[in-house]
Each structure stands twice: as C-alpha cells, then as structure tokens.
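A.B. asks: My questions are about this predicted structure, shown below with the sequence.
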Amino acid sequence: MSKVGILMGSKSDFDVVKPAVAVLKKFGVETEVRVISAHRTPDEAHEFAASAREKGMEVLICAAGKAAHLGGVIAALTTLPVIGLPVKTDMMGGLDSLLSIVQMPSGIPVATVGVNGGENAGLLALQILGIKYPEIADKLADYKQAMKAKINADDEALQAML
Ligand code: RP5
C-alpha cells in the first residue's frame, strides 16, 4: 500500500500532526513520520525530498510554524504533491505560518490546509491517493456518507428541540 511522508519542523509540532497520522492509519495507509527542519537540518530535508519517491512515497505532508519554509523547500526538491500544514503560533495565531506556506511563488505549489488542520491534511492526502487506489476512494465515499448522516441527525435533533 502507498506511503505518505509526514514531516514536521520540530517535535513541538507533533500534536498538530497527530490527527493526520490518525486518519491515514484509520484508512490503512502507511506513513513515515519524521522531525526534519528546513532551517535546522537542511541536509536531512534535502536528502528526504530527493529520496522520497524512490522510497515509495506518493504524497508528502509538511507541518511547520513561524517562518514555515519546510513545505516549500521540500516541494522545490520533489515532483510529489506536497501538502502544507501551518502550525498555530503564539505571536500571530499561525497567520505567520499560514502565509509562509501558502504564498509560494509560481512554479512551486504547496497545497495548504488551514492552521492546525491536521485532519484535513490527512484527508487531502487520501483524496490524492484515491485517484490511484479505488479502495481508498471507496472508503472516502463511506466517510462522507457517515458525516452526512451525522449532520442530518443533528439537524433533526435540533428541529425537535425548537
Ligand atoms: C518551526 O519552528 C517548527 O515547525 C515549529 O513550529 C517552530 C518552533 O519550533 P521549536 O522552537 O518549538 O522547536 O521550525
């Protein structure tokens, strides 16, 4: 089965990354989860990106905060799709991270989810994989159906209360 590489710039990002790991695990997708920094360990970042495809990875998720260059640096070094996951910060609530990741110049796209959007990062990786793996697309359809059923049930319960 396919593999999603999940990088974070610091171990302090791990709580934000956990929901991505959890949803990929729930769908039976193998992950490789690493702490690699664009700034503090640039050689490791380069090595990871350069070898990711030959190691069987098909999508990469890069979580980072503040001057969050990890996704952009990795995307510069691979043709795999890169999902950026901005981490909330004390100073600007993660707006700094979000803009650092989403505002990539033309040529190097990073598909960015919301601040602390770990679950969406995992789901987006699954949707990309679903193009190639019908069993993942089928599970995603079930997931959406369950979400729809829950919202409909919530709506009915609300109507009954009013
Ligand atoms: C970034 O700097 C990391 O992604 C992290 O969000 C932020 C702070 O890192 P620590 O100082 O907590 O290690 O590189």
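C.D. replies: It's in.
A.B. asks: before we move on, which element is residue 106 in?
C.D. replies: If you go by DSSP states H and E, residue 106 is not part of any helix or strand.
A.B. asks: Same question for residue 20.
C.D. replies: Short version, using DSSP H and E: residue 20 is in helix 14-26.
A.B. asks: Quick check: which helices or strands does the longest helix anywhere in the chain pack against?
C.D. replies: The longest helix of the chain (DSSP state H) is helix 134-161. Under the contact definition 3 or more C-beta pairs under 8 Å, 6 or more residues apart in numbering; DSSP states H and E, helix 134-161 sits against helix 118-129. (Each C-beta comes from the backbone N, C-alpha and C, glycine too.)
A.B. asks: Between helix 14-26 and the helix it packs on, find me the angle.
C.D. replies: Between the axes of helix 118-129 and helix 14-26, defined by axes from the mean of the first three to the mean of the last three C-alpha atoms, to 10 degrees, the angle is 40 degrees.
A.B. asks: what's the angle between helix 118-129 and helix 134-161?
C.D. replies: Going by the same axes, to 10 degrees, helix 118-129 makes 140 degrees with helix 134-161.
A.B. asks: okay, helix 118-129 in PDB with CA atoms only?
C.D. replies: What follows is helix 118-129 as a C-alpha-only set of coordinates in PDB (Å, rounded to 0.1, in the frame of the first residue of the first chain):
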ATOM      1  CA  GLY A 118      -4.000  18.100  10.700                       C
ATOM      2  CA  GLU A 119      -7.100  16.000   9.900                       C
ATOM      3  CA  ASN A 120      -7.700  17.900   6.700                       C
ATOM      4  CA  ALA A 121      -4.100  17.400   5.700                       C
ATOM      5  CA  GLY A 122      -4.600  13.700   6.100                       C
ATOM      6  CA  LEU A 123      -7.900  13.600   4.300                       C
ATOM      7  CA  LEU A 124      -6.400  15.600   1.400                       C
ATOM      8  CA  ALA A 125      -3.600  13.100   1.100                       C
ATOM      9  CA  LEU A 126      -6.200  10.400   1.000                       C
ATOM     10  CA  GLN A 127      -8.100  12.100  -1.700                       C
ATOM     11  CA  ILE A 128      -5.000  12.400  -3.800                       C
ATOM     12  CA  LEU A 129      -4.200   8.700  -3.300                       C
END
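A.B. asks: in that helix, what counts as buried?
C.D. replies: 118, 120-126, 128-129 (16 or more other C-beta atoms under 10 Å).
A.B. asks: now check it, is it near the ligand?
C.D. replies: No: contact of helix 118-129 with the ligand (C-beta under 6 Å from any ligand atom) is absent, the minimum separation being 12.9 Å.
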